[in-house]
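Engineer: Here is my input; please provide its structure:
(2 chains)
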Amino acid sequence: MNETAVALAPAGYKSEVKPVWCPGCGDFGVVNALSKAFAKLALRPEDIAVVSGIGCSSRIPAYMSSYGFHGVHGRALAAGTGLKIARPDLTVVVTGGDGDGYSIGGNHFLHACRRNVDMTYVVMDNRVYGMTKGQPSPTTEPDWDSKLSPDGTGLREFQPMVIALASGANFVARGFTGDPNGLAEILVEAMRHPGFSFVEVLSPCVTFRPEQKEWKKLVQEDAFTPTADAKEAAGRLMHDTGFDLGVLYAGGRAPYAPRGPRAERPVEELERRFVL
Amino acid sequence: MTTANEHPVVPPGLDSVSVVLAGSGGAGVMTAGNMLLEAAAHAGYYALMTRSSGPQIRGGEAAALIRIATRPVECMEDRFHVLAAVDWENVQRFDAEIPLGPSSLVLGDPDQGEPPAAFLRSGPRRAALPLKRIARSIPDARPNMVLLGALASLVGLPEASVGHAVGKSLGKRPASLGPSLAAVAAGRAAAADIQARHGLAPPPARAGARWLVTGNEAAGYGAIKGGVRFVAAYPITPATELLEWMAPALAEVGGTLVQAEDELASINMTIGGSYGGVPALTATSGPGLSLMIEALGLAVAAEVPLVVVDVMRVGPSTGIPTKSEQGDLNIAVHGLHGDAPHLVLAPNSVADCLRTTQWAVQLAEALQAPAIVLSDQFLGQARSVVDRPADTPALAGRDVAATAVPGYRRYALTDSGVSPMAIPGSAGNAYTADGLEHNERGNPSSQATDHVAQLDKRLRKLESFDYGDAWADLEGDATADAVVVTFGSCTGPVREALERAKADGLRARLVSLRLLSPLPASRLEAALAGAQRILVVEQNHSGQLHRHLRAECDLPGHVTSLRRAGALQFQPGEIHRHLIDWSRA
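Structural biologist: Numbers count the residues shown, from 1 in each chain, chains lettered A, B, ... in the order given. Predicted coordinates for the structure are as follows:
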């Protein structure tokens, strides 16, 4: 964390680049909430790196005034992990969507949770591939009809918060883009919490999932009571509506750190291993 | 009775002796082989050891192939002088790797049965030593140590050097030292009566420091010398040892290694670390490189320096993980989608793994581009006594943007093509590195003009760079009309074949390419000027280097391709025969 005394308004964390998103896209709310969170934490933009993969929501780095990294599909967590381990002084926020994070990037999600590197992962979940114009993602309902999967996939939805908790994420929460202030508060807590923080963000796709406009009526603010007890958090998820908001779990596991003895010796000393 | 030190060596002694220690799992032939290598090094010889083993995960038959010489050696000889086995269980599996001849010696324990017929086809001389019975006569001794003593005697290694090697190996197990030394002495005494000896000529004077090192270790050290301080690793044969060497080594010099969940993660972590300003590397083999290709394109587009060491093994697919082949040249040069200029280099000896990997890091950093280093299983896993590689000059490192550049443009269209890179943490220069095509500021752009301008920039920085003389090793008679062009681990046997051909009166040049892409076509054409005949030597089935050369430059004269798939390394003799036939053609 790089909380400093700089006083920057939330707008100072946004870039001049105009988003490609559709009017009404939930992802605008994430730009707003992230900006508020950065301002609240008084971070210097140059000490933040926003890292993403591919998809509508993965466009977000270019819309922030911080450093950004827009990589390949599904690998944002890997790029963010490398960056944070190489540069522990930076605040690393990895962003993306449900397809990027849970489908093509699913394996990295599991291992990012268990590796517990001190960074925050924000998944803008709209239960659809938007950039490719409307295919079902891992969180899409089984009977959602689409050209690619007529009459639905028939597959049950991926449960991101269950998976995150089971895989060892140190902080698990859910926010909603319709409530940017509440989301900003969650993001502040996520960034402050040591280790890997996972924030599921309900971010409606008004173009391919217009019915998601109703989400604002379904969400339950502050439905979760934060706990440091993983068992309690797991039990709570058993009666999660999918629209329960707030911090579910804030654990006490030590963040990832390199193990074993470390030193700063001259490179040439390594030669001793070879010399006859 | 002769004492252990007085074995007659046939004068003047051989300047190169090759031996194999073989046996079933648990027989300790690798331990004994390593000791023989250490003993040769201690005695002042150069040496090279490769190992071969069956498919078992642990244990199983094994063979240590060792060449000891009075000068540096970079490949195995055409034939082995001695095949010595603790037992013969499944050792016939190594038949193709252990060529013998009439003057070779096959040495075994008569109580362990007859040597496999495959090893007797060439009519070698034979000797028998009751290794197990000798070992049983010494409390806590083992047959592999008896065999070590016998072999050391047969090749004329001094007792003190063997003792040194045994002591070094067993330093942490002093209880084993006494019995082992006694077993070595007993083996030495027992071998006194064997007539078929292959004694070495006296060792050369030591001119400078020598190392005992594998190519994987040398590459790891070269990477660190080049500045690498972040490594993301996923295990794969035969690159794992490179990563395992780097893990503790990096920790000693302030660097970090992280184990990734797969190669997709390791390459993207590497990109992330380098984007953060820390020179970064990963190592893999063919299957892993295949998985990394998409992300390498990202590194090209986003201009993130990094190095991937591909320790090539037999492909395609899983192929033969434990054997060498130079089959990844095509994917390394051409595997990326789109027009994606990047660097491809190849070390041409165990020692050169240091220099070439170091250079790859320097070039990647200077040119803000990914570099693939094509090592291979032979270079990576061969353990060799080498002269300490000369230090190479440092290059200008990454061009890092000054703080708060007014109107900073990350991908500015400079003359050199290299644009100063802002590192996160640097105020006023924040930008987004992007695999999307972008404009000079780094903002996504789908404009054709931006696309062409950035393509030109990324190509220009590689093509306008002065790579100096390191692009190839040019050896031999520069006026000769015959040229052999090769790369990587073929260079060792080619060098040796050219030496033999020289003795036959063939004048020839050698071009061993270190920089394969971008191929410095004008320098190569200058090196080939006047050539009447060109032989392209490589270890793959389809002639990937030959095609690459044909595509990139005008080759003068008559061009012949000498190529063979991997699993078995080229021997100097087969290249020599080809040179002689070819020169008469």
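
Engineer: Now do the contacts for B:Ser104.
Structural biologist: By C-beta atoms under 8 Å, 6 or more residues apart in numbering or on different chains, the contact list for B:Ser104 reads B:79-83, B:122, B:124-125. Any C-beta I mention is one placed from the backbone N, CA and C, and that applies to glycine too.

Engineer: Output the residues you listed as CSV; include the columns neighbour count, secondary structure and distance to B:Leu413.
Structural biologist: Putting those into CSV (neighbours: other C-beta atoms under 10 Å in any protein chain shown; DSSP: H, G, I helix; E, B strand; the rest coil; distance: C-beta to C-beta, whole Å) gives the following:
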residue, neighbour count, secondary structure, distance to B:Leu413
B:Arg79, 17, coil, 59
B:Phe80, 26, coil, 59
B:His81, 25, coil, 62
B:Val82, 26, strand, 64
B:Leu83, 26, strand, 63
B:Ser122, 14, coil, 65
B:Pro124, 23, coil, 68
B:Arg125, 15, strand, 71
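
Engineer: tell me, how many neighbours does A:Arg59 end up with?
Structural biologist: The tally of other residues near A:Arg59 (other C-beta atoms under 10 Å in any protein chain shown) stands at 25.

Engineer: whoops, I mixed them up, B:Ala223
Structural biologist: Counted with other C-beta under 10 Å, the neighbours of B:Ala223 add up to 31.

Engineer: So it versus B:Trp245, what's the distance?
Structural biologist: In this view, B:Ala223 and B:Trp245 are 10 Å apart by C-beta to C-beta, to the nearest Å.

Engineer: Same question for A:Gly152.
Structural biologist: Going from A:Gly152 to B:Trp245 by C-beta to C-beta gives 52 Å.

Engineer: same thing with A:Phe158?
Structural biologist: As judged by C-beta to C-beta, A:Phe158 and B:Trp245 stand 39 Å apart.

Engineer: These two: which is more packed in?
Structural biologist: More neighbours surround B:Trp245 than the other of A:Phe158 and B:Trp245, with 23 against 19 (other C-beta under 10 Å).

Engineer: just for chain B, where's the confidence low?
Structural biologist: Residues of chain B that meet the criterion pLDDT under 70 lie in B:1-11, B:583-585.

Engineer: As a quick check, tell me the outermost residue of it.
Structural biologist: Computed with C-alpha atoms, centre = their mean, the maximum C-alpha offset from the centroid of chain B is found at B:Pro406, amounting to 47.0 Å.

Engineer: got the phi/psi numbers for that one?
Structural biologist: phi -60, psi 130 (degrees, to the nearest 10).

Engineer: Check A:Tyr102 too.
Structural biologist: Backbone dihedrals for A:Tyr102, given as degrees, to the nearest 10, come out at phi -110, psi -20.

Engineer: Give me the spatial nearest neighbour of it, chain neighbours excluded.
Structural biologist: A:Pro138 (4.2 Å; C-beta to C-beta, 6 or more residues apart in numbering or on different chains).

Engineer: Tell me the spacing between that neighbour and A:Val94.
Structural biologist: According to C-beta to C-beta, A:Pro138 and A:Val94 sit 17 Å apart.

Engineer: what do you get for B:Ser464?
Structural biologist: B:Ser464 sits 36 Å away from A:Val94 when distances are taken as C-beta to C-beta.

Engineer: Mind checking which of the two has more residues around it?
Structural biologist: When neighbours are counted by other C-beta under 10 Å, B:Ser464 and A:Val94 differ, and A:Val94 comes out ahead with 33 against 11.

Engineer: helix/strand/coil for that one?
Structural biologist: At A:Val94 the chain is in strand, as set by DSSP: H, G, I helix; E, B strand; the rest coil.

Engineer: how close does the residue nearest to B:Lys225 when sequence neighbours are not counted get to chain A?
Structural biologist: Nearest in space to B:Lys225, with sequence neighbours left out and distances taken as C-beta to C-beta, 6+ apart, is B:Gln358 at 4.8 Å. Note on B:Gln358: its distance to chain A, by C-beta to the nearest C-beta, to the nearest Å, is 11 Å.

Engineer: what sits against B:Gln358?
Structural biologist: For B:Gln358, the contact set (C-beta under 8 Å, 6+ apart) comprises B:222-223, B:225-226, B:392.

Engineer: Any buried residues in the helix or strand encompassing it, and which?
Structural biologist: When secondary structure is defined using DSSP states H and E, the element that contains B:Gln358 is helix B:352-367. When burial is assessed from 16 or more other C-beta atoms under 10 Å in any protein chain shown, helix B:352-367 yields the following buried residues: B:352-367.
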